[in-house]
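Student: Sharing a model that was predicted from the sequence below.
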Amino acid sequence: MLNSLFITLEGIEGVGKTTAVETVASTMISIGKDVLITREPGGTSIGEQVREILLSRKNECITPTTELLLLLAARNQHLQEVVIPALELGKCVICDRYIDATFAYQGAGRKLGDALVSQANALIPDLAMPDLTILLDATPELGLKRVEMRGLSDRFEIESNTFFEDVRGCYLRRASEQPQRILLVDASRTLGEVTAEIKNHLMDKFL
Ligand code: Z5A
């Protein structure tokens, strides 16, 4: 997969991942990369249907293990149908959430643990690992404040502050364990500051 790049964006809700995807895409296009933007759960017809199930508040009875299995079913489809073919064509794939979210939300938030999340991910053939993960970090209070203007909350957004603290704690632990892959960005700063840091890092690393 010569020249291909796999970049993922992570963080708790409202920290600015979706906004940062655009920054990453425009920067990579400016240095000549052919970019594909996608997301998890989602990115395929099956994945988007699974996303609807997972986010709907009608489905509050979903158990943590069912949640994990649905996410991984969507991931397998996404990898086989979208991510791997794009990487084989030498593209730069930019994905809004991926494997670190499963450790953070299901492993830590839902308390299934790292070992079970690793075992479940190991069922996926050709599990691609990101070349770079940008972790946007801010407190749950700040993240939720940024998205509350949107109105209706989904099945994750109604979780407690403790849940999001656990999710955030897991993300921060993974960033300290894998500094080569995970860039930790303080997302509590202004949008201009966050955007500049991401752009500079990409230019230094890939230009
Ligand atoms: N999930 C999971 O549990 N396990 C998994 O393995 C995977 C996913 C893959 C859907 O994710 C759910 O899937 C997610 C976890 C679960 N749970 N939730 N909730 P999602 O990514 O679609 O949902 P999200 O995290 O809620 O995304 P979001 O709410 O759209 O947040 P965001 O993308 O991080 O933020 P944003 O839309 O870019 O920005 C929010 C607002 O803040 C917006 O108005 C921006 O203009 C503004 N903003 C952004 N940056 C700044 C700064 N720096 N200053 C001021 N304002 C800013």
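Tutor: Done, it's in.

Student: Which positions in this protein make contact with the ligand?
Tutor: 11, 13-19, 40-41, 71, 96-97, 101-102, 105-106, 146-147, 154, 156-157, 187, 190-191, 194 (Cβ under 6 Å from any ligand atom). (Glycine included, C-beta is placed from N, CA and C.)

Student: Quick one, which of those are buried?
Tutor: 11, 13-17, 40-41, 71, 96-97, 101-102, 105-106, 146, 154, 156-157, 187, 194 (16 or more other Cβ atoms under 10 Å).

Student: Return the subset of the residues you listed lying in helices.
Tutor: 17, 71, 101, 146, 194 (DSSP state H).

Student: what residue lies at the spatial centre of this protein?
Tutor: By Cα atoms, centre = their mean, the chain has its centre lying nearest to residue 97, at 1.3 Å.

Student: Return the set of buried residues in the strand or helix carrying residue 86.
Tutor: For residue 86, the element it lies in under DSSP states H and E is helix 84-88. Residues of helix 84-88 classed as buried: 84, 86-87 (neighbour count, 16+ other Cβ under 10 Å).

Student: Check stretch 168-184 too.
Tutor: Buried residues in stretch 168-184, counted by 16+ other Cβ under 10 Å: 168, 170-171, 174-175, 181-184.

Student: Same question for stretch 78-94.
Tutor: For stretch 78-94, by 16+ other Cβ under 10 Å, it's 78-79, 82-84, 86-87, 91-94.

Student: Among those residues, which one lies nearest to the ligand?
Tutor: Among the buried residues of stretch 78-94, residue 78 lies closest to the ligand (Cβ to the nearest ligand atom), at 9.5 Å.

Student: Quick check: that closest one touching residue 45?
Tutor: No: Residue 78 is beyond contact range of residue 45, at 10.6 Å (criterion: Cβ atoms under 8 Å).

Student: where do the strands sit along this structure?
Tutor: Per DSSP state E, the chain carries strands over the ranges 5-10, 35-39, 92-96, 132-137, 182-186.

Student: In terms of secondary structure, what does the lowest-mean-pLDDT helix or strand in the chain contact?
Tutor: In the chain, the helix or strand scored least confidently by mean pLDDT, DSSP states H and E is helix 140-147, which has a mean of 92. For helix 140-147, the elements it packs on are helix 161-177, judged by 3 or more Cβ pairs under 8 Å, 6 or more residues apart in numbering; DSSP states H and E.

Student: what about the helix it packs on, average pLDDT?
Tutor: Helix 161-177 carries an average pLDDT of 97.

Student: Which strands or helices does that helix pack on?
Tutor: Counting by 3+ Cβ pairs under 8 Å, 6+ apart, helix 161-177 packs on strand 132-137, helix 140-147, strand 182-186.

Student: Would you reformat those as a markdown table and include distance to residue 201?
Tutor: Converted to a markdown table, these look like this (distance: least, Cβ to Cβ, whole Å):
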| stretch | distance to residue 201 |
| --- | --- |
| strand 132-137 | 8 |
| helix 140-147 | 21 |
| strand 182-186 | 6 |
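
Student: Kind regards, and thank you for your time.
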